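J.: okay, structure incoming, though there's no sequence with it:
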């Protein structure tokens with residue numbers, strides 16, 4: 001093996017991979033400087049962060065109702081189709097009207113009968129008063145006859161038998177008068193103590209009027225109208241000829257006016273969130289688009305409080321978990337022509353306007 005001769009006075013080359021003295025002197029400062037830069041960047045991000053609260057546990061929400069009616073009957077006609085937009089007060093479906101019309105006619109007849117009964121009671125009372133007057137006159141005649149017979153019976157002007165018959169007649173007529181007074185009092189009681197009372201003040205008439213009102217209300221409720229504007233859904237579940245029970249859901253209606261965002265951030269994110277905070281909303285269905293909103297309200301409870309099986313710690317085996325609190329966000333503005341459908345997934349960023357300070361570290 002041959003080796004290259006080293007000239008006198010020359011320096012032997014350093015082995016490859018061994019750093020120079022200068023590189024060794026810069027290694028420690030560079031390492032410490034890198035750590036310092038990372039620490040400063042992390043500290044700056046922490047110090048200037050914390051203002052925005054973001055969560056993707058949010059969705060579009062809207063007022064919705066399962067339409068039903070408080071009366072039962074066969075469905076006569078459905079006026080709308082699935083996913084059709086409707087306005088407030090627009091008829092949606094109707095039940096058959098035959099039964100409701102018959103109930104109204106029966107209630108009207110009962111009301112007329114109640115008014116007629118009042119008139120009959122008034123005539124009965126008037127007749128009773130007239131009979132009492134006639135009976136009083138008969139009693140007055142009996143008393144006069146008895147007094148005349150009493151003055152002559154001792155002298156033999158009349159027989160004792162005639163005198164006694166006059167006494168019996170007076171007693172009988174007085175008993176009849178008492179019966180007539182009792183009957184008149186009963187007739188007057190039916191008139192609420194007022195011979196000139198109006199039919200509208202009689203309980204029987206009022207009950208008949210209430211029955212008629214109920215029949216009219218039932219007929220009105222047999223035609224279901226939209227309580228607010230929106231879009232109907234699952235209309236095909238209701239078909240003409242079906243028997244709809246009172247309170248049974250027919251199909252759904254989702255409002256197009258009362259639309260909002262329901263977000264459920266973690267409880268640890270709500271420290272500085274307040275009603276009125278600005279919110280930026282992005283919807284998964286519309287990439288690149290955003291809406292503006294504000295925090296309208298914050299629920300007083302976590303979502304688990306009203307669950308079917310709420311968390312309980314009475315058994316002693318409590319496991320702490322991070323709860324989520326519903327936050328209602330009002331939509332203020334956004335792109336036109338894009339429909340926010342209930343249930344769409346969204347992401348929200350809430351501007352709390354909170355700024356961290358170094359004192360928060362200590």
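T.: Happy to help now that I have it. It should be emphasised that the depicted structure is a prediction, and the values quoted were computed from it without experimental measurement.
J.: surely residue 224 is within a strand?
T.: Yes: Residue 224: assigned to a strand according to DSSP: H, G, I helix; E, B strand; the rest coil.
J.: in contact with it, which residues?
T.: Contacts for residue 224 (Cβ atoms under 8 Å, 6 or more residues apart in numbering) come out as 67-69, 91-94, 250. (Each C-beta comes from the backbone N, C-alpha and C, glycine too.)
J.: who wins for neighbours among the residues you listed?
T.: Each of those was scored for neighbours by other Cβ atoms under 10 Å, and residue 93 scores highest at 25 neighbours.
J.: secondary structure class for the residue nearest the centre of the chain?
T.: Residue closest to the average C-alpha location in the chain (Cα atoms, centre = their mean): residue 65, at 9.8 Å. Under three-state DSSP, the three-state class of residue 65 is strand.
J.: was I right about it contacting residue 227?
T.: Yes: Residue 65 lies in contact with residue 227 (Cβ atoms under 8 Å); the separation is 6.6 Å.
J.: identify the contacts common to these two.
T.: By Cβ under 8 Å, 6+ apart, residue 65 and residue 227 have these common neighbours: residue 253.
J.: okay, domains of the protein per the record?
T.: 52-66+251-309+318-354, 68-95+222-250, 100-217 (automatic domain parsing).
J.: counting contacts, what elements does the one helix or strand residue 182 maps to pack onto?
T.: Secondary structure assignment for residue 182, by DSSP states H and E: helix 160-190. If contacts are counted by 3 or more Cβ pairs under 8 Å, 6 or more residues apart in numbering; DSSP states H and E, helix 160-190 sits against helix 98-152.
J.: now find how far off-centre the helix it packs on is within its chain.
T.: Mean-position distance between helix 98-152 and its chain equals 52 Å (Cα atoms, centre = their mean, to the nearest Å).
J.: packing partners of it?
T.: By 3+ Cβ pairs under 8 Å, 6+ apart, helix 98-152 packs against helix 160-190, helix 203-221.
J.: TSV for these, including mean neighbour count?
T.: As requested, the helices and strands packed on helix 98-152 are exported to TSV (neighbours: other Cβ atoms under 10 Å):
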stretch	mean neighbour count
helix 160-190	14
helix 203-221	16
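J.: would CSV of those helices with mean pLDDT be doable?
T.: Shown next, in CSV, are the helices and strands packed on helix 98-152 (pLDDT from 0 to 100):
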stretch, mean pLDDT
helix 160-190, 88
helix 203-221, 94
